[in-house]
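1. Just the structure for this:
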Amino acid sequence: MLGALACGVTRVRGLAPGADVAATRACLEALGVSTAAGNADGTLTVHGRGLGGLQAPAGQLDAVNSGTTARLLMGILAAHPFRAMLTGDQSLRRRPMRRVTEPLAAMGCRIETTDGCLPATIHGGPLHSVTWAPSVPSAQVKTAILFAGLHAEGRTTVVEPAHTRDHTERALRLFGADVHADASGVSVGGGTPLQAVDITVPGDPSSAAFFAAAAAALPGSRVVIEGVGLNPTRLGFLDVLRRYGADVTTAVVDECAAEPVGSICVACAQRRAVVIDARDVPGLIDELPVLGAMAALGGAVTVRGAAELRVKESDRIHALVTGLAAFGAAVEEYPDGFSVSAGDGLTGADVDAAGDHRLAMAFAVVALGAYGPSTIRGADAVAISYPGFFDVLEGLCR
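-> Numbering: from 1, shown residues only. Predicted structure coming up:
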């Protein structure tokens, strides 16, 4: 997205092949952005159109299942002088969008939604700066506001009630934006042209978390994950693994796209009880399903203050608890979380991932430690973020 708003040609190496990335690319192309994927190394070339340079789309923009695509794109569309309709699949159309549309409306954009959800019609135009404190800590909301702020008059500030992942701030600096971050939040100055860059995307920590959690929970296991991003705002799940009793080490060996990159090594040692509360949740919201799965294999995990899980691709709290109970884990569901422990032993089960990629991968981790075969319905959802997940998992189990 930043490459689309920059001046010049941005080249992105190591881009994930998942459906969410494909949805983003398709939406940008519908807005007049020329892109091309290299056959040899998978590099995506993006011909930037500059701030405010996107074209009105001929039809609807379809974010498919990607909440990131939808929310961030709203921030960009808010500043462009045309009407655009943004939609998604059935799952995405259930997810709340008011947390994005409200600050954008305060900046001067008119957005029509369907009871606060997609489809949404964005009537873009000139924006003014705003200081906004999101009610729910969210890197997506922060980024949408900052992307709008790139085009706005004055300086736009997001005051964070709790710190969220800082990939956006790092990327904005890389592209030459006027950005400032401190303990209270982050701000961006409007009107500063962005400059194209060549970048390499590090491996995704949230994808690595499934293998790390499996190694932490299965006795005798050890896994080394290389080339993974080691941004400190993304490694909350490693702190949980340490508290759980796993042997965890990391090593930074390089920097890519202003992000530290290196290796993660995790080995099973002890399996203890861990409590995750509201202070922890913003830093590991995507990893909570697999941390619950980990506890089904040994030890225990209790999560509170995570009501946000109910408005992800699925109601992740209910679907996770239902699936883990089918395996034989001892579970309890709360309005804002869950508790999981191993119970009297796990058996293979027929479970429903509810079309949610993170639940499909979490249930696969549990199935590794269950007696007998398991069936995960809707497992093709892993294509959203990690199409090769099951191939990698099979390789680790040989």
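2. From here on, just use CA atoms for contacts and neighbour counts.
-> OK.
3. Could you verify that residue 325 is part of a helix?
-> Yes: Residue 325: assigned to a helix according to DSSP: H, G, I helix; E, B strand; the rest coil.
4. Grab the nearest non-local neighbour of it.
-> residue 331 (6.2 Å; Cα to Cα, 6 or more residues apart in numbering).
5. A helix includes that neighbour, no?
-> No: assigned with three-state DSSP, residue 331 falls outside any helix and is strand.
6. Kindly state the beta-bridge partners for it.
-> With DSSP bridges as the criterion, residue 331 is bridged to residue 340.
7. Give me the neighbour count for it.
-> When neighbours are defined as other Cα atoms under 10 Å, residue 331 has 23 of them.
8. Surely it and residue 319 touch.
-> No: when contacts are counted by Cα atoms under 8 Å, residue 331 is not listed as touching residue 319 (11.8 Å).
9. And for this protein, the residue most distant from the center?
-> residue 344 (33.9 Å; Cα atoms, centre = their mean).
10. Surely it touches residue 331?
-> No: taking Cα under 8 Å as the definition, residue 344 is not a contact partner of residue 331, at 11.9 Å.
11. where do the strands sit along the stretch 51-200 of the chain?
-> 61-62, 83-87, 110-114, 117-123, 131-132, 155-159, 179-182, 185-189, 198-200 (DSSP state E, counting those that start in this stretch).
12. Between those strands, which one is closest to residue 44.
-> strand 198-200 (10.0 Å; Cα to Cα).
13. Who are the packing partners of the closest one?
-> Contacts defined by 3 or more Cα pairs under 8 Å, 6 or more residues apart in numbering; DSSP states H and E place strand 198-200 against strand 9-13.
14. for the strand it packs on, packing partners?
-> strand 44-47, strand 198-200.
15. what would these look like in TSV with mean neighbour count and distance to residue 134?
-> Shown next, in TSV, are these (neighbours: other Cα atoms under 10 Å; distance: least, Cα to Cα, whole Å):
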stretch	mean neighbour count	distance to residue 134
strand 44-47	21	31
strand 198-200	16	30
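16. Out of these, the one nearest residue 121 is which?
-> Nearest of the helices and strands packed on strand 9-13 (Cα to Cα): strand 44-47, 25.7 Å.
17. Now tell me what touches the closest one from outside.
-> By Cα atoms under 8 Å, 6 or more residues apart in numbering, the surrounding residues in contact with strand 44-47 are 3-4, 8-13, 15, 33-38.
18. just to revisit the earlier point, dump the strands of the stretch 51-200 of the chain into a markdown table; add distance to residue 233 as well.
-> Listed next are the strands of the stretch 51-200 of the chain as a markdown table, based on distance: least, Cα to Cα, whole Å:
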| stretch | distance to residue 233 |
| --- | --- |
| strand 61-62 | 30 |
| strand 83-87 | 30 |
| strand 110-114 | 31 |
| strand 117-123 | 28 |
| strand 131-132 | 21 |
| strand 155-159 | 17 |
| strand 179-182 | 14 |
| strand 185-189 | 14 |
| strand 198-200 | 19 |
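19. Reformat those as CSV; add mean pLDDT.
-> Converted to CSV, the strands of the stretch 51-200 of the chain look like this (pLDDT from 0 to 100):
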stretch, mean pLDDT
strand 61-62, 98
strand 83-87, 98
strand 110-114, 97
strand 117-123, 98
strand 131-132, 98
strand 155-159, 98
strand 179-182, 96
strand 185-189, 97
strand 198-200, 95
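20. Residue 329: neighbour count?
-> 25.
21. confidence score at it?
-> The model reports residue 329 with a pLDDT of 97.
22. can I assume residue 323 is in contact with residue 362?
-> No: counting by Cα under 8 Å, residue 323 sits too far from residue 362 to count as a contact (9.8 Å).
23. if you skip the residues just before and after it, what's nearest to residue 208?
-> That would be residue 225: by Cα to Cα, 6+ apart, it lies 7.0 Å from residue 208.
24. right, I mislabeled it, should have said residue 126
-> residue 79 (5.8 Å).
25. Just give me the neighbour total for that neighbour.
-> 29.
26. what do you get for the one 4 residues further on?
-> One way to gauge burial is a neighbour count; for residue 83, by other Cα under 10 Å, it gives 16.
27. Also residue 232?
-> 12.
28. For it, report the pLDDT, please.
-> Looking at residue 232, its pLDDT reads 96.
29. The stretch 251-398 of the chain: helices as residue ranges?
-> 288-296, 316-327, 357-368, 389-397 (DSSP state H, counting those that start in this stretch).
30. Let me know which of the ones you listed is tucked in deepest.
-> helix 288-296 (a mean of 29; mean count of other Cα atoms under 10 Å).
31. What are the contacting residues of it?
-> So helix 288-296 is contacted by 209-210, 213-214, 216-217, 237, 301, 316, 320, 324, 329-330, 339-343, 346, 358-359, 361-363, 365-366 (Cα under 8 Å, 6+ apart).
32. Poorly predicted segments of the protein, please.
-> The chain contains residues with pLDDT under 70 at 39-40.
33. and it, what are its domains?
-> 2-200, 205-397 (automatic domain parsing).
34. Give me the distance between the first one and the centre of its chain.
-> Meaning domain 2-200. 14 Å (Cα atoms, centre = their mean, to the nearest Å).
35. can you start the count at 31 instead of 1 from here on
-> Shifting the count to begin at 31 puts that one at domain 32-230.
36. End to end on that domain, go ahead and measure it.
-> 14 Å (Cα to Cα, to the nearest Å).
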